[in-house]
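K.L.:
Only the shape, not the letters, is given here:
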Ligand SMILES: C=C1C[C@]23C[C@@]1(O)CC[C@H]2[C@@]12CC[C@H](O)[C@@](C)(C(=O)O1)[C@H]2[C@@H]3C(=O)O
Ligand SMILES: O=C(O)CCC(=O)C(=O)O
Ligand SMILES: [Fe+2]
């Protein structure tokens with residue numbers, strides 16, 4: 001990648017070339033022609049409001065008081081229908097474990113770019129930017145390890161990052177447990193057994209996504225992560241104190257203020273299908289930050305690629321499809337159009 005800057009800058013070699021080489025917004029790397037996009041991914045909604053996402057105290061789920069337990073479950077289900085997002089405190093994941101995971105995440109991303117991109121660590125799960133983008137609005141100013149948890153216990157996956165293995169196993173297990181409790185509450189509300197997702201979503205089919213959003217000095221218009229919905233059942237997100245996550249609510253972008261004690265939960269596309277639109281998979285994005293890098297970790301509750309996904313009630317809004325078919329369709333659409341189309345592709 002040749003130097004895109006018009007003035008020499010100190011090479012910080014842990015960031016991908018584009019994310020620390022920068023010129024005018026229109027000078028994207030050679031492989032990305034700078035075509036203008038007409039349609040903003042989110043239909044041009046630009047308003048931004050600061051309002052508090054529903055904040056739910058999960059200790060109430062274990063209350064000896066039946067009314068308190070029911071009220072907590074009801075708040076989870078209402079937020080999943082009305083917001084598609086909520087925050088949880090007293091979730092059972094220790095601040096120490098979150099701190100240890102963040103420390104390992106920072107260490108991992110500080111590896112020189114060339115090594116991250118070629119060493120194949122963590123199942124060769126390293127990605128950066130958006131190779132299919134044909135204009136700035138389709139580009140994500142971020143890098144990530146999108147780690148399949150199928151081999152999370154295998155030392156060989158960690159290369160020289162041996163200290164990462166134990167922390168990641170503990171963190172993934174804690175996020176897995178929490179995601180299944182929440183999915184169980186949502187399933188039970190629709191008249192299904194609380195344990196239904198134990199069979200649908202085996203731990204080996206789930207993913208942990210480590211995100212890093214380098215400071216972006218070229219424009220406040222650039223996305224850290226483009227507007228999207230998550231291609232899973234449920235996502236649990238741990239974000240640092242920098243902020244930048246926004247979700248769509250009533251055609252307005254709403255910022256999610258960082259809360260060090262909270263984890264963010266959002267419904268994914270597959271839960272919207274399974275619930276026949278009772279629960280909503282809501283568009284969200286990350287705005288880039290001009291001065292400060294940002295880190296987040298997302299746990300994705302997913303079925304196996306050959307799992308058939310369909311509505312749990314009739315008449316079904318969506319046709320049945322496998323998770324593998326869904327992932328392929330998303331990737332094909334992103335390649336062809338620069339954007340994820342997702343569920344509209346699968347309406348009956
Ligand atoms: C949950 C996810 C869906 C996504 C990959 C990810 O793990 C996180 C980012 C999502 C995103 C956003 C932009 C694009 O629409 C997309 C195809 C991508 O490359 O990253 C989607 C991914 C997806 O839906 O597969
Ligand atoms: O980093 C964030 O706040 C959001 C990340 C996200 O949406 C994702 O990884 O799917
Ligand atoms: Fe997401």
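P.N.:
Received, thanks. Predicted, not measured: the structure shown is a model, and the values here were computed from it. Ligands and ions are numbered 1, 2, ... in the order given.

K.L.:
pLDDT below threshold where in the protein?
P.N.:
For the chain, applying pLDDT under 70 flags the ranges 1-12, 20-51.

K.L.:
do you know how far the residue most central in space within it is from residue 61?
P.N.:
The residue lying closest to the centre of the chain (CA atoms, centre = their mean) is residue 298, at 5.0 Å. Distance of residue 298 to residue 61, given as CB to CB, to the nearest Å: 22 Å. Yep, even glycine has a C-beta here, placed from its N, CA and C like the rest.

K.L.:
what helix or strand does the nearest residue to the residue nearest to the centre of the chain once chain neighbours are set aside sit in?
P.N.:
In this structure, residue 298 finds its nearest non-sequential neighbour in residue 209, 4.3 Å apart by CB to CB, 6 or more residues apart in numbering. Using DSSP states H and E, residue 209 sits within strand 207-213.

K.L.:
Show me what that strand is packed against.
P.N.:
helix 95-109, strand 143-148, helix 162-189, strand 223-228, strand 294-301 (3 or more CB pairs under 8 Å, 6 or more residues apart in numbering; DSSP states H and E).

K.L.:
contacts for it?
P.N.:
Applying CB atoms under 8 Å, 6 or more residues apart in numbering, the external contacts of strand 207-213 come out as 105, 108-109, 141-149, 152, 168, 171-172, 175, 224-225, 232, 242, 244, 286, 288-289, 293-300, 302.

K.L.:
what angle do it and strand 223-228 make?
P.N.:
Relative orientation of strand 207-213 and strand 223-228, computed by axes from the mean of the first three to the mean of the last three CA atoms, to 10 degrees: 140 degrees.

K.L.:
My guess is the residue nearest to the centre of the chain contacts residue 236. True?
P.N.:
Yes - the pair residue 298 / residue 236 is scored as a contact, 7.2 Å apart, by CB atoms under 8 Å.

K.L.:
any idea how far residue 145 is from ligand 2?
P.N.:
Going from residue 145 to ligand 2 by CB to the nearest ligand atom, to the nearest Å gives 11 Å.

K.L.:
do the same with residue 311
P.N.:
Counting by CB to the nearest ligand atom, the gap from residue 311 to ligand 2 is 24 Å.

K.L.:
Quick check: residue 230 touching residue 302?
P.N.:
No - under the criterion of CB under 8 Å, residue 230 makes no contact with residue 302, lying 9.7 Å away.

K.L.:
For residue 249, name its beta-bridge partners.
P.N.:
With DSSP bridges as the criterion, residue 249 is bridged to residue 252.

K.L.:
Measure how buried it is and give me the count.
P.N.:
18 (other CB atoms under 10 Å).

K.L.:
Check the one 10 residues further on too.
P.N.:
Residues within reach of residue 259, counting by other CB under 10 Å, total 15.

K.L.:
contacting residues for the nearest residue to it once chain neighbours are set aside?
P.N.:
Nearest non-adjacent residue to residue 259, counting by CB to CB, 6+ apart: residue 87, 6.2 Å away. Shown in contact with residue 87 (CB under 8 Å, 6+ apart): 53-56, 256, 259, 262-265.

K.L.:
now with 10 Å?
P.N.:
Residue 87 makes contacts with 52-56, 79, 237, 256-257, 259, 261-265, as judged by CB atoms under 10 Å, 6 or more residues apart in numbering.

K.L.:
now, which of those lie within strands?
P.N.:
Counting by DSSP state E, the contacts of residue 87 place 55-56, 237, 263-265 in strands.

K.L.:
Alongside ligand 1, which residues does the protein contribute?
P.N.:
Listed as neighbours of ligand 1 in the chain under the rule CB under 6 Å from any ligand atom: 146, 209, 225-226, 228, 230-232, 300, 330, 334, 340.

K.L.:
my read: residue 159 touches residue 126, true?
P.N.:
No - with contact defined as CB atoms under 10 Å, residue 159 does not reach residue 126; the gap is 11.7 Å.

K.L.:
tell me, what's touching these two both at once?
P.N.:
111, 115, 119-120.

K.L.:
hmm, back to that, going by distance to ligand 1, which of the contacts of residue 87 wins?
P.N.:
residue 237 (10.1 Å; CB to the nearest ligand atom).

K.L.:
ok, for that closest one, nearest residue in space, not its chain neighbours?
P.N.:
Using CB to CB, 6+ apart, the nearest residue to residue 237 is residue 264, at 4.2 Å.

K.L.:
any idea how far ligand 2 is from that neighbour?
P.N.:
Taken as CB to the nearest ligand atom, the span from residue 264 to ligand 2 is 7 Å.

K.L.:
residues near that residue, how many?
P.N.:
22.

K.L.:
so what's it bridging to?
P.N.:
residue 87, residue 237.

K.L.:
right, and it touches residue 230 too?
P.N.:
No - counting by CB under 10 Å, residue 264 does not reach residue 230; the two are 11.4 Å apart.

K.L.:
what residues do the two have in common as contacts?
P.N.:
237, 284, 298.

K.L.:
Could you check how far residue 133 is from residue 332?
P.N.:
In terms of CB to CB, residue 133 sits 16 Å off from residue 332.
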